[in-house]
Structure formats: structure tokens, C-alpha cells
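**Student:** Quick check, what structure comes out for this input:
(one chain, ligands or ions: 1)
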Amino acid sequence: MNELVARDARAFFHQHGSSPCLGALRRAEGIWLEDTEGQRFIDLHGNTVHHLGHGNRELIAALKRQLDELAFAPRRFTNEPAVLLAEALLARWPGAPAKVLFATGGSDAIEIALKLARVATGRQDTISLEGSYHGHGFGAFGLSQAEPDPRLGDFLPGRHHVAPYWLEGGPERMLANMARVFARSPGIAAVIAEPMRSNCRVPPPGLWAQVRRLCDAHGALLIFDEIPSGLGKTGRFFAFEHFGAVPDAVVLGKSLGGGMVPIAAVIADARLNVAPELELGHYTHEKNPLTTRAALTTLEIIARDGLVERARDVGARLVAGVAEIAERVQAVVGARGLGLLLAVQFAPRCDAERVVEACFSEGLSTTTKGANAIGLSLPLTVTDAEADEVLARLEVVGRRF
Ligand SMILES: Cc1ncc(COP(=O)(O)O)c(C=O)c1O
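**Tutor:** Coordinates of the predicted model:
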């Protein structure tokens, strides 16, 4: 075992998905990862933070300048990058006048959205989708996981989970379940969901508009978790812009920090600004000038370089490329998703874990996306030549099955 990985395994608590690690990195640049053994991988996962590619030089320069200028602001003081970021996010918001709050991670930002929903509606219950993921913390993880682990104890009360649109029975069953929960439970504060789950199952047209109507009819809020799918990844700035339903609140995270620093945000209808006496997300690094500078610069680069449109176009190139491979290679079925939030579907006989292993040996770092699919999530800065290189490697992987 690599020495750093062994030391990591000794030092860190072991937990699903992170420790022990697969390997150790010494460099990450653009679409590439390089491990301490000198092996290079194209990053098809990137934890969905790598919209700008890894190690974006312009962002690093902006962060260095910010460190020299103002590295921290104690909470009672504001600062320029924090205010500019808030204004820049609000300028993107297509709904009614809104306000923002920042946090250092997606899970914490989800907690803020939950608090806003509770204080605004005076209710406490939630509806979320089975098989969803909204982060950690007893609130956010409880939204994700229907069955509590007895060792962890109870989550927040009032959690209702409905079968998601991507499982058998599909959207009709999801809507019927939701309507039933609403009819039985007058205390629903909010429905919270990813508009497109990051398993890349695209919801049918009209689904979220119908959920919006249900929420309105029952006086509940609609909260979209766009922590992986926001900031252009799906070919629209907000993923919900594909689906004809504007939520009361959206949560952004991951790539908001440019793939370097941790920052997340809640943008929500200004009418939810009803509890100024409460601490809704009073985090130490809430308005950190470094994290907010990272997010502001990320937004500037996305707008200046047309990266939202780029995600749409290069995503279409990848989907078409995978379809061509599927004509030549039996094991490959096709690609699904939107923009650059994509998964490649393999034939039922291809176990996703084994496909991921085969990808690693072809220099592709990825994860499973269900039983027979793998993630194909590239930065929005990817070039056509790089996308073609990925397709060539995927074809080699497919031919092994
Ligand atoms: C949909 C979704 N929501 C919430 C989170 C939690 O974000 P964080 O890990 O920054 O707390 C994640 C992270 O993977 C996510 O994918």
C-alpha cells in the first residue's frame, strides 16, 4: 500500500466513501489528476466541484491577491467580496426578489434552508425523495436516508420520504405519494429535492411544475438542492431552469468555491426574511473574504467564458459520442443526463464496480451511478479534444466487457 495512504488510514477515523483512500494525489490540473506514483487520470468525478477544472490559475491568482488584501472578517463586519458575491448570485435569480446566506458546506446550507422553511411556514415536516442525498448533519442526512441507523439514533421528526421519479412507477407514483402525504400531514413545511438527481436520471417535463403546484396548494415551500447540479453544470445556470418550476429556495455548493475552497449558498425568496432575531446560519466563515472571493471569481469566469453554454455543447458532443460507441460496442448502452452532468449506462451484465475498475486502468477516475452505470462528469472548461480523448478511453473500457 502507498505509504501516505497507509498513514492516512492510521490517522483518520475510517468511514464509508473516504478513509481508507484509493490513492494519494500530488497534483490536480484541468481535467487531470496525478497520484504520488506518477499515474495520471482524467477526472470524471471531481466530486462535482471541478467546473473550472482543477487548479484554475486565474482563481489561484485572485485568491493570492485576496489573502494579501483581507484574509478574514470577523462576523459583525462585512467585506467587499461577500457583498459582491451576494449581489452576483441575486442577479442570476429568475424568481421574485430574493436574499442569500452563505455557509462553508452544502450540508450546512441545507440546514439553513430547512430553518428558513420552518420559520416561514410555522411548520416542521419535510417531504424528500427516497434514495436522495442532501449531506450530513442530523437534518440533512435525515432528509436523505429514510431508515435511521439504530446506532446513530433518531433524525429530525416529521420526515416523509416518497418514491422518486426515477424508480418503477416513476413520476406518477411520486406525485401520487406526495399528494397523499400532503393530504395526511398538515405540517409540511417544505418539499426538498434535487431537480435532477446526480444519478443523472432526467425528470420528465412538467414533473416539477406539478410539485410546485402541490406545494402552493398546501402552503409549503419548494427547496431545490443544486449543490452538484448548479452553476451551469447541466447547461443552464440553475438546473431548475430546464424544468419550468422556480423554487422558493435553492442551495448551491461544491463548485461555488472554484474547486478549491469550501463555500455554499442559499438563495431564497426575500419574503422568507421573517426571523431577523434568529441565527439561521451564523457560521464563523459565513462571509469569509477568501471563500467569497473564490465564489465571485468562479461566477465571473463562468459568465465571461460562456461556460454554461459550453456545458450544453460539449455535453451534447459526449452524448453523441457515447451513442456512436454503443453502435460498435455491445456493452455500452448510451449516456444520460443533462449538459455535463452525465452517466454512461452499460449493459445489465456489466457490474458498475468492475467498470469503474476497468476505467481506472484506462486512466479514467470515476464512480458508480447505480448498478450498471458510471459517472461522466467533466469540467465546463473541457476542450473538444479532451472530450474525444475521454470517448476513446471509454470505448476501450467498453470492449473489455
Ligand atoms: C445533492 C447533494 N446535496 C448535499 C451535499 C452535501 O454537500 P457537502 O458535502 O458540501 O456538505 C452533496 C454532496 O455530495 C450533494 O451531492
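**Student:** all contacts plus neighbour counts: C-alpha atoms, from now on.
**Tutor:** Will do.
**Student:** Can you give me the domain boundaries for this protein?
**Tutor:** Following automatic domain parsing, one gets these domains for the chain: 3-55+306-399, 70-304.
**Student:** right, so of those, which gets closest to the ligand?
**Tutor:** Closest of the domains of the chain to the ligand is domain 70-304, at 3.5 Å (criterion: Cα to the nearest ligand atom).
**Student:** Do that closest one and the ligand come into contact?
**Tutor:** Yes. Using Cα under 6 Å from any ligand atom, domain 70-304 reaches the ligand at G105, G106, S107, Y133, H134, G135, D225, I227, P228, K254.
**Student:** returning to what we had before: in CSV, list the domains of the chain along with mean neighbour count and mean pLDDT.
**Tutor:** Below are those laid out as CSV (neighbours: other Cα atoms under 10 Å; pLDDT from 0 to 100):
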stretch, mean neighbour count, mean pLDDT
domain 3-55+306-399, 19, 97
domain 70-304, 20, 96
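**Student:** For these, give me a markdown table that also has distance to K64.
**Tutor:** Formatted as a markdown table, these follow (distance: least, Cα to Cα, whole Å):
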| stretch | distance to K64 |
| --- | --- |
| domain 3-55+306-399 | 13 |
| domain 70-304 | 9 |
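**Student:** A62 is nearest to which of those domains?
**Tutor:** Ranking these by proximity to A62 (Cα to Cα) places domain 70-304 first, at 7.3 Å.
**Student:** Show me where the stretch 251-400 of the chain has its helices.
**Tutor:** Using DSSP state H, counting those that start in this stretch, the helices of the stretch 251-400 of the chain run over residues 289-304, 307-328, 352-361, 384-399.
**Student:** Redo those as TSV? Include distance to I267.
**Tutor:** Below are the helices of the stretch 251-400 of the chain laid out as TSV (distance: least, Cα to Cα, whole Å):
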stretch	distance to I267
helix 289-304	14
helix 307-328	19
helix 352-361	36
helix 384-399	33
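**Student:** Identify whichever of the ones you listed lies nearest to E111.
**Tutor:** Checking the helices of the stretch 251-400 of the chain against E111 by Cα to Cα gives helix 289-304 as the closest, at 19.2 Å.
**Student:** quick one: contacts of the closest one?
**Tutor:** Identification of contacts with helix 289-304 by Cα atoms under 8 Å, 6 or more residues apart in numbering yields 52, 59, 62-63, 66-67, 70-73, 79-82, 84-85, 88, 231-232, 256-258, 260-263, 307-308.
**Student:** out of the helices of the stretch 251-400 of the chain, nearest to S19?
**Tutor:** Comparison of the helices of the stretch 251-400 of the chain against S19 by Cα to Cα identifies helix 352-361 as nearest, at 17.9 Å.
**Student:** could you say what helices and strands the closest one packs with?
**Tutor:** Helices and strands touching helix 352-361, by 3 or more Cα pairs under 8 Å, 6 or more residues apart in numbering; DSSP states H and E, are strand 373-377, helix 384-399.
**Student:** now the ones you listed in JSON lines, with distance to E353?
**Tutor:** As requested, the helices and strands packed on helix 352-361 are exported to JSON lines (distance: least, Cα to Cα, whole Å):
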{"stretch": "strand 373-377", "distance to E353": "9"}
{"stretch": "helix 384-399", "distance to E353": "13"}
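**Student:** Please, where are all the strands along the stretch 1-150 of the chain?
**Tutor:** Using DSSP state E, counting those that start in this stretch, the strands assigned to the stretch 1-150 of the chain run over residues 25-29, 32-35, 40-43, 98-103, 125-129.
**Student:** Pairing partners for the third one, with directions?
**Tutor:** Just to be clear, that refers to strand 40-43. Strand pairing for strand 40-43, using DSSP bridges, gives strand 32-35 (antiparallel), strand 364-365 (parallel).
**Student:** R184: which of these is closest?
**Tutor:** Ranking the strands paired with strand 40-43 by proximity to R184 (Cα to Cα) places strand 364-365 first, at 45.3 Å.
**Student:** tell me the centre residue of this structure?
**Tutor:** Centroid-nearest residue in the chain: P228, 1.2 Å away (criterion: Cα atoms, centre = their mean).
**Student:** Figure out the helix or strand that that residue lives in.
**Tutor:** Assessed by DSSP states H and E, P228 sits outside every helix and strand.
**Student:** who touches the residue nearest to it when sequence neighbours are not counted in this structure?
**Tutor:** Closest residue to P228 apart from its sequence neighbours, by Cα to Cα, 6 or more residues apart in numbering: T48 at 5.5 Å. By Cα under 8 Å, 6+ apart, the residues touching T48 are P228, S229, K254, S255, S377.
**Student:** and the second one, how far is that from G105?
**Tutor:** Spelled out, it's S229. 15 Å (Cα to Cα, to the nearest Å).
**Student:** Check the last one too.
**Tutor:** When Cα to Cα is applied, the distance between S377 and G105 equals 20 Å.
**Student:** shouldn't L342 be in contact with V322?
**Tutor:** No. In this structure L342 lies outside contact range of V322 using Cα atoms under 8 Å: 10.8 Å.
**Student:** Quick check: neighbours shared by those two?
**Tutor:** Taking Cα under 8 Å, 6+ apart as the criterion, L342 and V322 both touch A335.
**Student:** what about stretch 330-337, distance to the chain center?
**Tutor:** Chain-centre distance of stretch 330-337: 22 Å, with Cα atoms, centre = their mean, to the nearest Å.
**Student:** Need the contact partners of stretch 261-276.
**Tutor:** Residues contacting stretch 261-276 (Cα under 8 Å, 6+ apart): 89-90, 93, 95-106, 109-110, 112-113, 116-117, 119-120, 227, 248-254, 256-257, 291-292, 294-295.
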